[in-house]
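Undergrad: fold the following.
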Amino acid sequence: MDLRKRLLHALGALLAGLLVVATAIHLHSLREDVAAEIGASTRLAHALLAAARIDPALPADEAAAQLRAIASDGALRHLTISLDGAEATPPHAAGPLARLFGADAPEHAGESLRIGDHELRITPNPASEIDERFGDIVRLLITLLLFSGATLLVAWWSAHRALSPVRELEAGLARLARGEPAAGLPAFRLREFDRIAGAIEALAAALRESRAAQRSLARRLIRVQEDERRTLARELHDEMGQTLTAINATAAHLERRAGAGEAAGIVECAGELRRDIRACGRQLRGILKSLRPHGLDAGGLGGALRELVDGWRARATGIAFRLELPMPLPPLGDEAALTLYRVVQEGLTNVVRHSGARRCDVRLATDGGAIRAEIEDDGRGLPPGAAGGGLSGMAERLDMVGGRLELAPGAAGGLRLTATLPTRNEEEHEG
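TA: Sure, this is the predicted structure:
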């Protein structure tokens, strides 16, 4: 059941109950009015009959006493009986209310009944009707007051009870904010809160996946750092260490030749030193290139990509690489250029390691205010469940510079990886 139906049911039940109560009150009031009207009519008939039965031969004092008794025998509704102009039953003071409602009786209103030497006068009494109507209004106002109070009370109670699941939702969100894996929400009977709980649970699942991806990326980053350190240490030890050892040996040999005054030996040792120093420089440039491609800071992204693709062509991978670059490339910031280079580098590495492809095309193109890099192969494509690891790292790097990563089947049945980055505007480029 949704919130609207619950509120409608509660208010409908309240209205039905109040309608029954109001009907009972008004039926009771109507019953009293009917009984009072019948009683007043009966008393008026009895008074008239009693007045008509007075014997004209009675002495004047006895006839007057009987008429006064008739005039004072019970109240009449809306009428007043008086004898010889004197009110036997004092009428209710109508006052301004009678004049306000236009019910003020004229001064000589009513009818007279001559009985012997006495006059029995029956006049209208508007104050009686006004009192009755005023009583009805008071009862109506009390009924409306009770109705309004009960409506507000039931509406407040219904809203309080219907909105009580909000506290459970707040507690669930607080658990997610503390890093708990699930919101732990109960099942809600109201449809609206059940949908909200479903959305929160979906959010919790997305947060769990995101946190798992972050932990995986952190572990992978640590592994990559350790691998780079081991590779760097091995290259320094195996290549530069051997070169420096050779330079040291040549320098010692040169020292001995110089002491002996052998000019030819000195020249030979100097040549060996120059050769070893050049080899050391090449090794150092190779290590620096693996750490950060040279030329990206100077806007040389195209040259760095050509060198990267040429490096893969020179290896016996069995894959035909092709590179397409627009000329000139749009201006990119240093971080964006490095990100694009690393994405292409990681993409080519994945193609060589996992795709089993025979052909790989690398294309760069500009699209308005963005640059798009595509790596497409004709290999096996993306296997199920392989969207993590390096692909997650690529997506994370692109997201940090405002880019995005897309994966789609290639035209030849392999995989097409597309990385899109916003280009740097002209003002930033000049700055």
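Undergrad: so where's the longest helix in this protein?
TA: Looking only at the chain and at elements set by DSSP state H, the helix with the highest residue count is helix 3-52.
Undergrad: which strands and helices lie in contact with that helix?
TA: Counting contacts by 3 or more CB pairs under 8 Å, 6 or more residues apart in numbering; DSSP states H and E, helix 3-52 is packed against helix 60-71, strand 79-83, strand 111-115, helix 126-162. (Each C-beta comes from the backbone N, C-alpha and C, glycine too.)
Undergrad: just name the most buried of the ones you listed.
TA: The highest average neighbour count among the helices and strands packed on helix 3-52, using mean count of other CB atoms under 10 Å, belongs to strand 79-83 at a mean of 22.
Undergrad: relative to that one, what are the paired strands and their orientations?
TA: Applying DSSP bridges, strand 79-83 is found paired with strand 86-87 (antiparallel), strand 118-124 (antiparallel).
Undergrad: for these, which has the smallest mean pLDDT value?
TA: Mean pLDDT per stretch puts strand 86-87 lowest among those, at a mean of 52.
Undergrad: other residues contacting stretch 376-385?
TA: With contacts defined as CB atoms under 8 Å, 6 or more residues apart in numbering, stretch 376-385 is touched by 319, 351, 354-361, 363, 407, 409-417.
Undergrad: all strands for the stretch 301-431 of the chain, in order.
TA: Applying DSSP state E, counting those that start in this stretch to the stretch 301-431 of the chain gives strands spanning 320-324, 359-367, 370-377, 404-409, 415-422.
Undergrad: how's the chain carved up into domains?
TA: The chain breaks down into these domains under automatic domain parsing: 3-162, 191-282, 295-430.
Undergrad: looking at the ones you listed, which has the lowest confidence?
TA: For these, where the average pLDDT is lowest is domain 3-162, sitting at a mean of 70.
Undergrad: run a quick neighbour tally on the residue nearest to residue 405 when sequence neighbours are not counted.
TA: Distance criterion CB to CB, 6 or more residues apart in numbering; nearest residue to residue 405, sequence neighbours excluded, is residue 395 at 4.3 Å. The number of residues packed near residue 395 is 20, by other CB atoms under 10 Å.
Undergrad: would you list the phi and psi of residue 382?
TA: phi -90, psi 120 (degrees, to the nearest 10).
Undergrad: for the residue nearest to the spatial centre of the chain, which non-adjacent residue is closest in space?
TA: Centroid-nearest residue in the chain, with CA atoms, centre = their mean: residue 196, separated by 8.5 Å. Distances taken as CB to CB, 6+ apart place residue 169 nearest to residue 196, at 6.1 Å, with adjacent residues excluded.
Undergrad: which residues does the one you found contact?
TA: Residue 169 sits in contact with 185, 193, 196, 197, 200, where contact means CB under 8 Å, 6+ apart.
Undergrad: picking up where we left off before, for residue 17, which of the strands of the stretch 301-431 of the chain is the nearest?
TA: The closest of the strands of the stretch 301-431 of the chain to residue 17 is strand 404-409. By CB to CB, the value is 60.8 Å.
Undergrad: can you pull the pLDDT of residue 283?
TA: 77.
Undergrad: how about it: what's its closest non-neighbour residue?
TA: Leaving out its chain neighbours, the residue that sits closest to residue 283 by CB to CB, 6+ apart is residue 239, at 4.7 Å.
Undergrad: tell me the SS of that neighbour?
TA: helix (DSSP: H, G, I helix; E, B strand; the rest coil).
Undergrad: ok, now the one 5 residues further on?
TA: Here residue 244 is recorded as helix under three-state DSSP.
Undergrad: now the one 3 residues further on
TA: At residue 247 the chain is in helix, as set by three-state DSSP.
Undergrad: run a quick neighbour tally on it.
TA: Neighbour count for residue 247, taken as other CB under 10 Å: 17.
Undergrad: residue 419 and residue 378, how far apart?
TA: Applying CB to CB, to the nearest Å, the value for residue 419 to residue 378 is 20 Å.
Undergrad: which one of these two has more residues nearby?
TA: More neighbours surround residue 419 than the other of residue 419 and residue 378, with 25 against 20 (other CB under 10 Å).
Undergrad: partner residues bridging that one?
TA: Beta-bridge partners, per DSSP bridges, of residue 419: residue 373, residue 405.
Undergrad: ok, it - contacts?
TA: Contacts of residue 419 by CB under 8 Å, 6+ apart are 340, 343-344, 347, 372-374, 394, 398, 403-406.
Undergrad: residue 147 versus residue 281, what's the distance?
TA: 97 Å.
Undergrad: ok, residue 47 next?
TA: Look at residue 47 and residue 147: by CB to CB, they are 42 Å apart.
Undergrad: and residue 254, what is it in contact with?
TA: By CB under 8 Å, 6+ apart, the residues touching residue 254 are 265, 266, 269, 270, 273.
Undergrad: how about residue 421?
TA: So residue 421 contacts 332, 336, 339, 340, 370, 371, 372, 373, 398, 401, 402, 403 (CB under 8 Å, 6+ apart).
Undergrad: now the spatially closest residue to it that is not a sequence neighbour. Its backbone dihedrals?
TA: Nearest residue to residue 421, sequence neighbours excluded (CB to CB, 6+ apart): residue 403, at 4.1 Å. Per-residue torsions, residue 403: phi -100, psi -180 (degrees, to the nearest 10).
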